[in-house]
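Undergrad: only the shape, not the letters, is given here:
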């Protein structure tokens, strides 16, 4: 299952699932280097960073933002 880091609140991270459900997980249970927007794969009780999916997601959001900014001109 994939999760996206919605936000980090002290020692906990709020993760959003693909089904738009939110869970709270201890940061100590997550890989080092996570940040808001990080994409994680969860298998066998282990969270692993999915940098490829994160980059695709960030690129798509950037492109949407650029389209909106260009539309207003």
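TA: Looks like it arrived, so ask away. Small disclaimer: the values here were computed from a predicted structure and weren't measured. Numbers count the residues shown, from 1 in each chain.
Undergrad: for this structure, name the helix or strand with the lowest mean pLDDT.
TA: Taking mean pLDDT, DSSP states H and E as the measure, the chain has helix 51-71 as its least confident helix or strand, at a mean of 89.
Undergrad: please state the offset of that helix from the chain centre?
TA: Offset of helix 51-71 from its chain centre (CA atoms, centre = their mean, to the nearest Å): 14 Å.
Undergrad: buried sites along that helix?
TA: Residues of helix 51-71 classed as buried by neighbour count (16 or more other CB atoms under 10 Å): residue 54. In short, each C-beta sits where N, CA and C put it, glycine included.
Undergrad: neighbouring contacts of that helix?
TA: Contacts of helix 51-71 with the rest of the structure, by CB atoms under 8 Å, 6 or more residues apart in numbering, involve 2, 4, 37-39.
Undergrad: same thing but 6 Å
TA: By CB atoms under 6 Å, 6 or more residues apart in numbering, the surrounding residues in contact with helix 51-71 are 38-39.
Undergrad: before we move on, what about stretch 23-38?
TA: For stretch 23-38, the surrounding residues in contact (CB under 6 Å, 6+ apart) are 5, 7, 11-15, 47, 49, 54.
Undergrad: change it to 8 Å
TA: Applying CB under 8 Å, 6+ apart, the contact partners of stretch 23-38 are 3-8, 11-15, 17, 40, 47-49, 54, 57-58.
Undergrad: and those residues, which of them are in strands?
TA: Using DSSP state E, the members of the contacts of stretch 23-38 that fall within strands are 3-8, 12-15, 17, 40, 47-49.
Undergrad: any chance of a PyMOL selection covering the buried ones in these?
TA: For the buried members of the ones in strands among the contacts of stretch 23-38, the matching PyMOL selection, counting by 16+ other CB under 10 Å, is:
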select buried, resi 3+4+5+12+13+14+15+40+47+49
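Undergrad: so residue 39 versus residue 51, what's the distance?
TA: Distance, residue 39 to residue 51, using CB to CB, to the nearest Å: 8 Å.
Undergrad: apologies, that question was intended for residue 64.
TA: Residue 64 is 20 Å from residue 51, by CB to CB.
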